[in-house]
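> I need the structure of the sequence given here:
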Amino acid sequence: MRIKSYFAHTVEDAMSMARQELGTDAMLVNTRKAPPESCHLGEYEVVFATDLPAEENSLADSAGALPAESAAAFSGSASFAREFADLKKELEGMRRTLQRGAFGSGEWGGSEGFAMLLASDMDPELAREVMQAAEARLQGSVRAASDTDPAFERALAEELESRMTIQAALGRGETTPRIVALVGPPGGGKTTTLVKLAVNHGLTCRRPVLLLAMDNYRVAASEQLRSFAAILGVGFQFVDTVGALAQAIEENRGKEYIFIDTPGFGYSDFDVSKGLAQFLATRADIDTHLVLPASMRSADLARMANRYEAFRPNRLLFTKLDETGSLGAVFQEAARSARPLSFFATGQRIPEDLETASTSRLLESILGGTRSAALSAA
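Numbering: from 1, shown residues only. Reported below is the predicted structural model:
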């Protein structure tokens, strides 16, 4: 047997290199972060094994240099065929042993599915939990031969989908005005996202819209929203206190939508956010969306979401999907917080780069197009 490591910046690239050199029959043995001494070669290391030993590789290469008659005799010898068959049988036994160990013990080091979840920036503990739950879905049916079996792929996609909820809606209930507040860290894209929502769900449907700005922390932040309001021809008010915010809402009950843009509070600013947080948390008529950038690492997303827990957000809205190729962190935060996903902002264009959240987009990012299609096929 020949065992070789491949290094790349993503697991998928490393696997592609291995498949290209060793062939599609090569077996994935292990996937891990590259050790410090090998980081210059790539961020991830994957280990593959082939059923052709290095010695026989060299023999095969030599055979290619022999006359055609000699090469044919060599490859057709009965002893060589028996040895090769025994070797393949031994390799298949090792493959089954590795799979049994992975599926039975919960250690998924040699699993391609587990590698995909980790490569999407999902926490290893959650990735193991998802893999185990996906396997449990197959109980009582034909057990999957491996985690690349179509039955397991469908179970994995279904398990991921079951941990997400989509609520692409604005407002609390059907009464008007529908009041929507966006909260989140600085630079997360709240203001542009608020304008996109106002255009797509207000102006496009010919519904009266009011934009309220409370951001008096950033220089000229309210002026940006004022400019957007002038261009769109909708109402705009700047409010600098919670009391003024409450009054503005009461005075504009005739509007269909009221959108509230709030300051972005950093870690050192949360002491001054208590009044606004309490106001939004206790108003049953305000639909608060926590706006988070999808390009954040999963650990940072969780930490930031915990800081904004005081605002009692109803849904999660993710921005900057165009700045990352991996949405495992988005899935992880949705699963961890058990909050529904509302919308995805996919770029800077207003109002085009906004879409309703969807499980299919997350599955495609985490599992790849082929695996995510398994759910639809099921």
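
> what about the helix or strand containing Ala230, distance to the chain center?
Following DSSP states H and E, one finds Ala230 within helix 221-232. The chain centroid and the centroid of helix 221-232 are separated by 32 Å under Cα atoms, centre = their mean, to the nearest Å.

> Which of the residues in it are classified as buried?
Within helix 221-232, the residues that count as buried by 16 or more other Cβ atoms under 10 Å are 221-222, 224-226, 228-229, 232. Any C-beta I mention is one placed from the backbone N, CA and C, and that applies to glycine too.

> Arg339 contacts Leu317, doesn't it?
No: using Cβ atoms under 8 Å as the test, Arg339 is too far from Leu317 to be in contact (10.2 Å).

> so what sits against both of these two?
Applying Cβ atoms under 8 Å, 6 or more residues apart in numbering, one finds that Arg339 and Leu317 are jointly contacted by Leu290.

> Contact partners for the nearest residue to Val234 once chain neighbours are set aside?
Residue nearest to Val234 in three dimensions, not counting chain neighbours: Val209, with 4.4 Å by Cβ to Cβ, 6 or more residues apart in numbering. Contacts of Val209 were listed using Cβ under 8 Å, 6+ apart, and they are 198, 202-203, 232, 234-235, 255-259.

> Now restrict those residues to buried residues only.
By neighbour count, with 16+ other Cβ under 10 Å, the contacts of Val209 hold 198, 202-203, 232, 234, 255-259 as buried.

> quick one on the thing from earlier: so which of the buried residues of helix 221-232 is the closest to Phe270?
Set against Phe270, the nearest of the buried residues of helix 221-232 by Cβ to Cβ is Ala221 (18.2 Å).

> Nearest to Glu364, out of the buried residues of helix 221-232: which one, please.
Out of the buried residues of helix 221-232, the member with the shortest distance to Glu364 (by Cβ to Cβ) is Phe228, at 31.9 Å.

> ok, the closest residue to the closest one other than its chain neighbours to Leu276 distance?
With sequence-adjacent residues excluded and distances taken as Cβ to Cβ, 6+ apart, Phe228 is closest to Val195, at 4.8 Å. Plainly put, Val195 is 21 Å away from Leu276 if you go by Cβ to Cβ, to the nearest Å.

> quick one: which of the two has more around it?
Taking neighbours as other Cβ atoms under 10 Å, Val195 and Leu276 compare with Val195 leading, 24 against 21.

> Quick check: the more buried one touching Pro351?
Yes: judged on Cβ under 8 Å, Val195 makes contact with Pro351 at a distance of 7.2 Å.

> Need the contacts of Val209 in a markdown table (columns: distance to Leu245 and secondary structure).
Shown next, in a markdown table, are the contacts of Val209 (distance: Cβ to Cβ, whole Å; DSSP: H, G, I helix; E, B strand; the rest coil):
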| residue | distance to Leu245 | secondary structure |
| --- | --- | --- |
| Ala198 | 17 | helix |
| Gly202 | 19 | helix |
| Leu203 | 23 | helix |
| Leu232 | 21 | helix |
| Val234 | 18 | coil |
| Gly235 | 15 | strand |
| Lys255 | 14 | coil |
| Glu256 | 19 | coil |
| Tyr257 | 16 | strand |
| Ile258 | 10 | strand |
| Phe259 | 12 | strand |
